[in-house]
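Participant: Mind looking at a prediction? Sequence and model below.
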Amino acid sequence: MARLLKRGVVWGLAIGIAALLTAWWLLTLATLDSPTAASNKVMPGSWQPQPCESDAADLTCGLWHTTDGQFNLPVVIIRYQAQDKQATPLLYLQGGPGAGADINNSAGLQRWRAWRDYAGLRRDLILLDRRGTGASQPRPVCHGYESFSRKALGRNLSLQQEWAEAQTVLNACLTAMPSFNPAHYGSVISATDINQLGLALGIKRWHVLGVSYGSRLALALDTVKVSGQGGPVIASLVLDSVYPPQQGGLIDWPDTLARALNGFYHACSGDQDCQDAWQAQGFTAPIHADAIQATLFASLKLLRQTPMQVDVRLAGLPRRVVVNDHRLLAAVFAASYHRHRWADVIHALAAIESRDRAPLARLMQLFVSQAFSDAVTSFTFMAVDCRDNRLGSQQEYRAAVARQPQLAPYLEGMWQGQICHQWPAGPPLTLPRPPARVALLAGEFDPITPVSWARQLHSRWPTSQLTEFKAIGHHVLGSKSCALAQLEDFLSHQRERWEDCAAR
């Protein structure tokens with residue numbers, strides 16, 4: 001929960017254990033998946049072909065051994081084999097920053113083939129696990145952080161208690177991983193890895209698609225080239241849910257959370273599914289943004305006084321969850337990412353007043369399934385976040401909290417507990433000159449990379465093409481199939497900009 005309210009990304013509950021940890025616990029709390037940074041048998045800065053998960057003829061697989069000798073990064077190229085193949089490949093940069101590319105099993109690769117086919121791609125698709133994600137080596141895994149997060153679901157902890165106990169676990173993990181170095185992470189470092197990989201593969205030009213955090217990384221590709229390091233030319237750049245430099249740090253979080261919730265209130269009040277849910281639950285007041293907000297905060301007050309317990313399934317096993325006020329707020333925020341989950345929030349809010357567990361359990365099931373996903377490496381997320389974003393001063397943070405008095409109980413004390421105080425920040429990220437063709441895609445109700453960020457980048461890059469998609473949230477190409485279907489047309493110059501479209 002603390003990770004959610006820290007950065008607005010659904011990675012899990014930040015909780016922990018009391019301070020008394022024995023040496024045995026320290027040995028089991030954390031590991032690096034590889035005992036050394038990278039194999040001594042392979043030259044740093046080299047491409048090593050590997051067998052693929054399947055024998056499919058359309059796959060090229062390998063490891064990129066980073067030039068600093070610290071990491072081995074899995075890479076998969078899905079080859080387009082028809083005669084109308086276009087020469088310039090597409091590099092896809094997923095969000096995160098702790099998320100892998102889902103390329104290490106046959107099911108994941110099949111999903112990528114389906115994605116490629118729906119997008120109509122007529123070119124090779126390049127995918128990779130970045131440092132500390134997916135099957136990259138080494139990968140910093142804090143087992144204690146994940147394990148005790150699950151156990152804390154059944155405890156009624158205040159947010160401040162969760163933060164304090166989480167810090168204990170994180171520090172124990174750091175003690176158990178002396179070779180973990182947060183300075184080996186960050187967008188500039190990953191961009192250097194990717195550019196050098198492209199050169200090693202003999203790629204002169206590529207199209208680049210970055211989604212959410214991947215859009216920030218895509219922007220960094222040209223930034224590091226300006227500093228004297230080479231890389232393929234970016235033929236066109238597609239940024240979905242734009243996350244530009246100098247945005248998204250802790251100082252911005254109070255305003256970001258408030259804006260996200262306000263956007264949800266307005267979006268849900270105009271959504272047919274939300275309206276139907278509101279009517280079905282028999283609320284006396286007509287649905288509108290103020291009414292949804294009032295209902296949420298009334299529910300938070302009830303749960304703060306008397307938490308509810310619901311049963312969910314986690315890793316296939318039943319798990320009892322204590323739902324207090326801050327866990328409900330995290331679940332609502334998580335649901336705001338996805339339009340098809342908005343009505344679940346309305347049903348859950350009504351259920352809290354009547355103490356009906358079933359609708360609340362459905363909302364919490366969605367939340368815990370996302371929060372405890374194995375697809376994300378928490379330490380990698382935190383290391384990149386600390387490296388990229390300005391922490392600011394305590395005075396600045398307090399001023400930001402003061403602007404959001406209703407949310408202050410869920411924001412106070414966060415600055416002091418930041419692990420970023422212990423880790424080195426990187427140089428400020430800068431915005432490069434735009435490539436020749438740039439498309440910016442933004443969802444009207446995106447809670448975490450708001451449309452205003454895309455508009456700001458468009459104002460600085462006036463030759464870019466900005467398309468705002470109505471009535472959707474985060475990740476346009478993952479929310480509207482008709483938007484994804486326009487990808488190849490843009491890459492092959494059959495269209496110069498995306499058009500908003502009606503299909504969900």
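Facilitator: Perfect, thanks for sending it. Residues are numbered from 1 along each chain as shown.

Participant: So for stretch 273-285, mean pLDDT?
Facilitator: Averaged across stretch 273-285, pLDDT comes to 95.

Participant: Okay, buried residues for that stretch please.
Facilitator: Going by neighbour count (16 or more other CB atoms under 10 Å), the buried part of stretch 273-285 is Cys274, Gln275, Ala277, Trp278, Gln281, Phe283. C-beta here means a position set from N, CA and C on the backbone, and glycine is covered the same way.

Participant: again, but for stretch 242-257
Facilitator: For stretch 242-257, burial by neighbour count (16+ other CB under 10 Å) applies to 242-245, 247-254, 256-257.

Participant: Next one: Val75, what pLDDT does it get?
Facilitator: Reading off the model, Val75 has pLDDT 98.

Participant: Going by residue numbers, what spans are strands in this structure?
Facilitator: 30-32, 46-50, 59-65, 72-78, 90-93, 125-128, 140-142, 205-211, 233-240, 308-314, 317-323, 438-443, 465-469 (DSSP state E).

Participant: now those in CSV, with mean neighbour count and distance to Val368?
Facilitator: Formatted as CSV, these follow (neighbours: other CB atoms under 10 Å; distance: least, CB to CB, whole Å):
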stretch, mean neighbour count, distance to Val368
strand 30-32, 20, 22
strand 46-50, 14, 35
strand 59-65, 20, 33
strand 72-78, 23, 28
strand 90-93, 24, 28
strand 125-128, 23, 28
strand 140-142, 24, 18
strand 205-211, 24, 24
strand 233-240, 23, 27
strand 308-314, 16, 5
strand 317-323, 16, 7
strand 438-443, 25, 24
strand 465-469, 19, 29
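
Participant: which stretch among those comes nearest Leu302?
Facilitator: Among the strands of the chain, strand 308-314 comes nearest to Leu302, with 8.7 Å by CB to CB.

Participant: what's across from Val238 in the sheet?
Facilitator: For Val238, the beta-bridge partners are Leu209, Ala439 (DSSP bridges).

Participant: For Leu219, see how far away it is.
Facilitator: Distance of Val238 to Leu219, computed by CB to CB, to the nearest Å: 12 Å.

Participant: For the two, list the residues in contact with both.
Facilitator: Here Val238 and Leu219 share the contacting residues Gly210, scored by CB atoms under 8 Å, 6 or more residues apart in numbering.

Participant: Need the pLDDT of the closest residue to Asn156 other than its chain neighbours.
Facilitator: Ranked by CB to CB, 6 or more residues apart in numbering and with sequence neighbours excluded, the top spatial neighbour of Asn156 is Val322, at 4.7 Å. As predicted, Val322 sits at a pLDDT of 96.

Participant: ok, now Val226?
Facilitator: 64.

Participant: Kindly report the same for Leu170.
Facilitator: The model's pLDDT for Leu170 equals 83.

Participant: ok, now the one 5 residues further on?
Facilitator: The predicted local confidence for Thr175 comes out at a pLDDT of 88.

Participant: What degree of burial does it show, as a neighbour count?
Facilitator: Number of residues near Thr175 (other CB atoms under 10 Å) recorded here: 13.

Participant: cool, and Ser393?
Facilitator: Counted with other CB under 10 Å, Ser393 comes out at 11.

Participant: hang on, the earlier thing: which ones are touching the residue nearest to Asn156?
Facilitator: Going by CB under 8 Å, 6+ apart, Val322 touches Leu153, Gly154, Arg155, Asn156, Pro307, Met308, Gln309.

Participant: of these, closest to Phe372?
Facilitator: Nearest to Phe372 among the contacts of Val322, with distances taken as CB to CB, is Leu153, at 9.2 Å.

Participant: Next up, the contacts around the nearest residue to that closest one once chain neighbours are set aside.
Facilitator: Nearest residue to Leu153 in three dimensions, chain neighbours excluded: Val321, at 4.7 Å (CB to CB, 6+ apart). Applying CB under 8 Å, 6+ apart, we find Val321 in contact with Leu153, Gly154, Gln309, Val310, Asp311, Val312, Arg327, Met364, Val368.

Participant: try 6 Å
Facilitator: Neighbour list for Val321: Leu153, Val310, Val312, Met364 [criterion: CB atoms under 6 Å, 6 or more residues apart in numbering].

Participant: Those: which two are farthest apart?
Facilitator: Pairwise distances among these were taken by CB to CB; the largest, 10.1 Å, belongs to Leu153 and Val310.

Participant: Of the contacts of Val322 - the most surrounded one?
Facilitator: Neighbour counts for these peak at Leu153, which has 22 neighbours (criterion: other CB under 10 Å).

Participant: Next one: that residue from Pro178, what distance?
Facilitator: 31 Å.

Participant: List the buried residues of stretch 442-457.
Facilitator: Residues of stretch 442-457 classed as buried by neighbour count (16+ other CB under 10 Å): 442-451, 453-454, 457.
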